[in-house]
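K.L.:
Quick one: sequence and predicted model below, then my questions.
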Amino acid sequence: MRKAAGILAVFSLLTLGVFFGHIARAADKAPAPKAAGNGPAKPGGSTFLRYPNIAFKEKMTSGKGTAITKQAAECIACHNEKTPAVVQDWSKSAMAHAGVSCFDCHTVSKDNPMANQTCPGVKGTDIYVSAMVSPKTCAKCHPNEVAQFQESGHGRAAIQEVSQPANLALFAHEDMDMPQFKDAILMTGCAQCHGSEVKMGADHMPTPGSWPVHGIGTIYPDGGIGNCTGCHLNHQFSIAQARKPSSCGTCHLGPDHPDIEVYTQSVHGMLFEARGDKWHWDSPPGGWQPGADYSAPTCATCHMSGINGLQPTHNVDLRLKWNLWAPVSALRTGGFDTAIDTYRKTGKFTAGNPLAGNPAGPEAARKDMVQVCSACHSAEFANNYLSAADKQVKLYNKYAHAASQMVETLQKKNLMMKDPWADPAFRTYFYMWHHEGRRMRHGAVMEGPDYSHWHGVFQLQQSLRILQGIYNQRIKTGKIDYEQTGGVGVGE
């Protein structure tokens, strides 16, 4: 049997070249791949034929999959020469096995604002393409996932970035009052996580200052909002890859929201590091279950996965009780985040509802999260831990209120510098909520003790003392002492 299986595998490797050669020649305008001769293997077709995807070949030739069209075959043959790695990735995807090709995702109507014919293969035809694929295209097959996503904080990520006056003011400071450098800040930093508003040039191609972008909340010219490939990377669109912590850690890291660091420090992260290479990552949505497929949760497990009777969701806020990123933590009141809806109706940006979460309210969200935990722990265990985390969040709010009252009083008395980033009082306050306070809160709810304490509340209480000293001096003298120092990010 083993010998027969080996012969079959070799046969499949040999015959796949004939299969894809047939695809190329089946299209009237698509030339057959050229032989590489006796020299080294050329990129493109020869590489693809040397390293084929056997499962894909068998699926497409057995009649079990949906056959690709003649037009799609032309695209595959050409891109097999021009971008062979893209074709390789696609051939391994569930898309390919379902007969969904580059043609299905990248072709658009002529009146689409992203439509162009810059690709030589479609120039002069009635076919128009777009290098970008907006969620409007994804929604044709995945309407529920797109709708859920757009009700979450991920959906408003770019809208929030471009609508908040504080963010725009920060960019103006960072580019040293030289607007020509603003794009550098956005396109190498903020937009790669938040997303950008993609602009089109005269040739209907995206402009360099707005694309390419990896950000989760990207705003497309056709009105689509969101970036599915922020988590399901091109062109395999792998559910396994999206389930791994590294996918979330691309953006959820660093001094202001060190979620991947918190996860790695946690017991859950320790189990992932020890056993994750043996887990089953490819189970279908709703069928990826603890015990059978994995032995500790990842980010996706708690925030998105179908588990213990809960349905899968792409609304990552649905199971969250608190808002943990704002200057003051408030309970998530639920309801639809209107930022996207407002933008689509008016073309104007609004920050939306930062408290969006479970439509049934924060306690319903907490109940769902406890249900997630209860797949592995007792409900008592989960409730006891989360109760302690709630107290840590409430303690943070005490610090936040004390700091904000001092800053507001100084502002009313004109005792704050005009340039906030030159003002140690403002900088101290900013670091308190944006860095130290977020670490304290995120560490508390996600089992990161060092971030909850030493990187969090310990530094927070030090910063409050610095701010108090600056406040006392200014109130006592009635003036800003430019010799004051401190508050430049305690422990940063």
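P.N.:
Ah, there it is.

K.L.:
Dihedrals phi and psi, G456?
P.N.:
phi -110, psi -100 (degrees, to the nearest 10).

K.L.:
Please tell me the pLDDT value assigned to it.
P.N.:
Predicted confidence (pLDDT) for G456: 98.

K.L.:
Which strand or helix spans the nearest residue to it once chain neighbours are set aside?
P.N.:
Nearest non-adjacent residue to G456, counting by CB to CB, 6 or more residues apart in numbering: M440, 2.9 Å away. Every C-beta, even on glycine, is put in place using the N, C-alpha and C of the backbone. Using DSSP states H and E, M440 sits within helix 437-445.

K.L.:
which residues touch that helix?
P.N.:
Taking contacts as CB atoms under 8 Å, 6 or more residues apart in numbering, the residues outside helix 437-445 that touch it are 255-259, 262, 322, 324-325, 327, 329, 386, 388-389, 392-393, 396, 399-400, 448-453, 455-457, 459-460.

K.L.:
What of stretch 351-358?
P.N.:
Stretch 351-358 is contacted by residues 151-153, 156, 159-160, 163-164, 317-321, 323, 326, 330-340, 342, 364-365, 368 when judged by CB under 8 Å, 6+ apart.

K.L.:
repeat that for 7 Å
P.N.:
Under the contact criterion CB atoms under 7 Å, 6 or more residues apart in numbering, stretch 351-358 has outside partners 151, 153, 156, 159-160, 163-164, 317-318, 320, 323, 326, 330, 332-339, 364-365, 368.

K.L.:
again with stretch 215-234
P.N.:
Outside of stretch 215-234, the residues within contact range by CB under 7 Å, 6+ apart are 112-114, 132, 134-136, 138, 146, 149-150, 154-159, 191-198, 200, 214, 238, 241-242, 247, 340, 344.

K.L.:
which parts of that stretch are buried?
P.N.:
Across stretch 215-234, burial judged by 16 or more other CB atoms under 10 Å covers 215-222, 224-233.

K.L.:
Just the buried residues of the helix holding M440, please?
P.N.:
Counting neighbours by 16+ other CB under 10 Å, the buried set in helix 437-445 is 437-445.

K.L.:
now these in a markdown table, with distance to P285 and pLDDT?
P.N.:
Converted to a markdown table, the buried residues of helix 437-445 look like this (distance: CB to CB, whole Å; pLDDT from 0 to 100):
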| residue | distance to P285 | pLDDT |
| --- | --- | --- |
| G437 | 35 | 98 |
| R438 | 30 | 98 |
| R439 | 32 | 98 |
| M440 | 34 | 98 |
| R441 | 29 | 98 |
| H442 | 26 | 98 |
| G443 | 30 | 98 |
| A444 | 30 | 98 |
| V445 | 25 | 98 |
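
K.L.:
just those now: which is nearest V100?
P.N.:
Of all the buried residues of helix 437-445, V100 sits closest to H442, with 37.4 Å by CB to CB.

K.L.:
residues contacting C376?
P.N.:
Neighbours of C376 in contact, by CB under 7 Å, 6+ apart: P290.
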